[in-house]
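Enquirer: Just the structure for this:
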Amino acid sequence: QVQLVESGGGLVQAGGSLRLSCAASGRTFSSYAMGWFRQAPGKEREFVGTISVSGGRIYYADSVKDRFTISRDNAKNMVYLQMNSLKPEDTAVYYCAARPLVIATDAPRYAYWGQGTQVTVSS
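Expert: Model prediction:
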């Protein structure tokens, strides 16, 4: 099992940046593919991006491509989401998630979830 804790959310003006962190417990973090998702009020949880166990493969949702960057540090059991050029429509609770070995873009395929961190982008 793996436990996940997100941090780094907050209030930022449109055009600004935030870096979210996700700390994972467990000695097998490097065998988990990681994903970032977000959920805005009244909307379904939405895929943001995913990174493979080695970090060699990364995929993003079209809505965040070229603005967001996912990275991971397996030595530190950390995964990050760098968010630049933020827009009001990026406002949501952001979650990191983990699943064994294989990356996925569908939320139901992820077994482990953090509690989420709120990101609010003002116009």
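Enquirer: residues near residue 53, how many?
Expert: Residues within reach of residue 53, counting by other C-beta atoms under 10 Å, total 19. For glycine as for every other residue, the C-beta is placed from the backbone atoms N, C-alpha and C.
Enquirer: actually residue 35, not the one I wrote
Expert: 27.
Enquirer: how about it, what does it touch?
Expert: Contacts were defined as C-beta atoms under 8 Å, 6 or more residues apart in numbering; by that measure residue 35 touches 47-51, 96-99, 103-105, 107, 110.
Enquirer: For it, pull up the helix or strand it's in.
Expert: strand 32-39 (DSSP states H and E).
Enquirer: could you flag which of the contacts of residue 35 are buried?
Expert: 47, 48, 49, 50, 51, 96, 97, 98, 99, 103, 107, 110 (16 or more other C-beta atoms under 10 Å).
Enquirer: Who does the residue sitting nearest the centre point of the chain form a beta bridge with?
Expert: In the chain, the residue lying closest to the centroid (C-alpha atoms, centre = their mean) is residue 36, at 2.5 Å. Beta-bridge partners recorded for residue 36 (DSSP bridges): residue 49, residue 96.
Enquirer: Would you confirm that it contacts residue 69?
Expert: No. At 10.6 Å, residue 36 does not count as touching residue 69 under the criterion of C-beta atoms under 8 Å.
Enquirer: and which of the buried ones among the contacts of residue 35 is nearest residue 18?
Expert: residue 48 (12.8 Å; C-beta to C-beta).
Enquirer: my guess is that closest one meets residue 36, correct?
Expert: Yes. With contact defined as C-beta under 8 Å, residue 48 and residue 36 form a contacting pair (4.1 Å).
Enquirer: re the thing from before, for the strand holding residue 35, C-alpha coordinates in CSV please.
Expert: What follows is strand 32-39, C-alpha atoms only, in CSV (Å, rounded to 0.1, in the frame of the first residue of the first chain):
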residue,chain,number,x,y,z
TYR,A,32,3.8,3.0,-8.8
ALA,A,33,2.7,5.1,-11.7
MET,A,34,1.4,8.4,-10.4
GLY,A,35,-1.4,10.6,-11.6
TRP,A,36,-2.8,14.1,-10.9
PHE,A,37,-6.5,14.8,-11.1
ARG,A,38,-8.7,17.7,-10.2
GLN,A,39,-12.3,18.3,-9.3
